[in-house]
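Trainee: sequence-free structure coming up:
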């Protein structure tokens, strides 16, 4: 069935709008029991000539057909697309944040997104609303973690039917290497003057004042300026030597490839937590020292997707 659906629909683009032809619907177990009850009422009414029983059976059958129509219509016209992905370390779960957009004037209730090993919480979409749904998938090994198939479904309004559609995207999140335990010291540091850390400031040359921001050291507050009624400012300095690390693949000779990547991952995390500038050097890849969250993710992603060249194992 999955292969047939994929051949019928093909791969999907970045944003998908669900049309009637790709929405499937079947009765649930409750729906089958409901149909059996209505059929029994119909047989009983015919057998005993009970017009009131027949009328009630037809009323319940109409309710079931109306529920089927609304269940199918809950998904029709719904737009889905990837908002962002969240990377994670091996052993944890990466996240795919998928946006559901309701462009119609009707509310869409209890819309669920699920894959083979993940299920997002049901979402209710008001008219014209956009809701984010999160699928988390276990990261068993480093590198890209694909999401190539997921379902969007609903049992609204009465749970008698389940309508669903299958989406075949090409989404990728990144699983970073598992960090090694702390203990091994990083390689020797490199020292430069004022260039490695863009946001670093030294303590040698006073260059002026800047508005105080939460997190600035208290000893740098310009108290005299504050006493004169000029507001709260912090002193800025420049011209100091800045130490930066370059974590080199070749400095870990004797370790297996995955162990080297795990150790470099640990060094990157620790240097980022200390606010120090750092870079990495892999066979064929060099990232210059820098600081910041984006730089941390850049380095970790380079470690995650690194393929060991022949002769460097």
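Mentor: Ah, there it is. Remember, predicted model here, so these are calculated numbers, not experimental data. Residues are numbered from 1 along each chain as shown.
Trainee: how far away is residue 82 from residue 150?
Mentor: Residue 82 sits 11 Å away from residue 150, going by Cβ to Cβ, to the nearest Å. Quick note: C-beta positions are derived from backbone N, CA and C, even for glycine.
Trainee: go on, residue 303?
Mentor: Taking Cβ to Cβ, one finds residue 303 at 28 Å from residue 150.
Trainee: over to residue 67?
Mentor: 25 Å.
Trainee: neighbour-wise, which of those two wins?
Mentor: Neighbour count, other Cβ atoms under 10 Å: between residue 67 and residue 150, residue 150 has more, with 24 against 20.
Trainee: that one bridge partners, please.
Mentor: Applying DSSP bridges to residue 150 gives these bridge partners: residue 167.
Trainee: with residue 80 instead?
Mentor: As for beta bridges, residue 80 partners with residue 16, residue 100 under DSSP bridges.
Trainee: wait, what's in contact with it?
Mentor: 15, 16, 17, 18, 98, 99, 100, 101, 113, 152, 167 (Cβ atoms under 8 Å, 6 or more residues apart in numbering).
Trainee: what is in contact with residue 82 and residue 150 at once?
Mentor: Residues touching both residue 82 and residue 150 (Cβ under 8 Å, 6+ apart): 98, 169.
Trainee: quick one: residues contacting the residue nearest to residue 282 when sequence neighbours are not counted.
Mentor: Once flanking residues are discounted, residue 282 sits nearest to residue 249: 5.0 Å by Cβ to Cβ, 6 or more residues apart in numbering. Contacts for residue 249 (Cβ under 8 Å, 6+ apart) come out as 260, 264, 280, 281, 282, 283, 312.
Trainee: so, low pLDDT: which residues of the stretch 101-250 of the chain?
Mentor: 188-210, 213-217, 236-243 (pLDDT under 70).
Trainee: and stretch 106-115, which residues are buried?
Mentor: By 16 or more other Cβ atoms under 10 Å, the buried positions in stretch 106-115 come out as 108, 109, 110, 111, 112, 113, 115.
Trainee: ok, the third one touching residue 124?
Mentor: Yes - Residue 110 lies in contact with residue 124 (Cβ atoms under 8 Å); the separation is 6.8 Å.
Trainee: what average pLDDT does stretch 284-298 get?
Mentor: The average pLDDT within stretch 284-298 is 89.
Trainee: just the endpoints, please. Distance across it?
Mentor: Stretch 284-298 has an end-to-end distance of 15 Å (criterion: Cα to Cα, to the nearest Å).
Trainee: buried ones in it, by neighbour count?
Mentor: For stretch 284-298, a neighbour-count test (16+ other Cβ under 10 Å) marks 287, 289, 290, 291, 295, 296, 297 as buried.
Trainee: which helices and strands does the helix or strand where the fifth one lies pack with?
Mentor: Residue 295 is located in helix 293-304, with elements delineated by DSSP states H and E. For helix 293-304, the elements it packs on are strand 171-176, helix 257-274, strand 277-282, strand 285-290, judged by 3 or more Cβ pairs under 8 Å, 6 or more residues apart in numbering; DSSP states H and E.
Trainee: how about a cut-off of 10 Å?
Mentor: strand 143-147, strand 171-176, helix 257-274, strand 277-282, strand 285-290 (3 or more Cβ pairs under 10 Å, 6 or more residues apart in numbering; DSSP states H and E).
Trainee: would CSV of the ones you listed with distance to residue 53 be doable?
Mentor: Below are these laid out as CSV (distance: least, Cβ to Cβ, whole Å):
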stretch, distance to residue 53
strand 143-147, 51
strand 171-176, 53
helix 257-274, 71
strand 277-282, 77
strand 285-290, 77
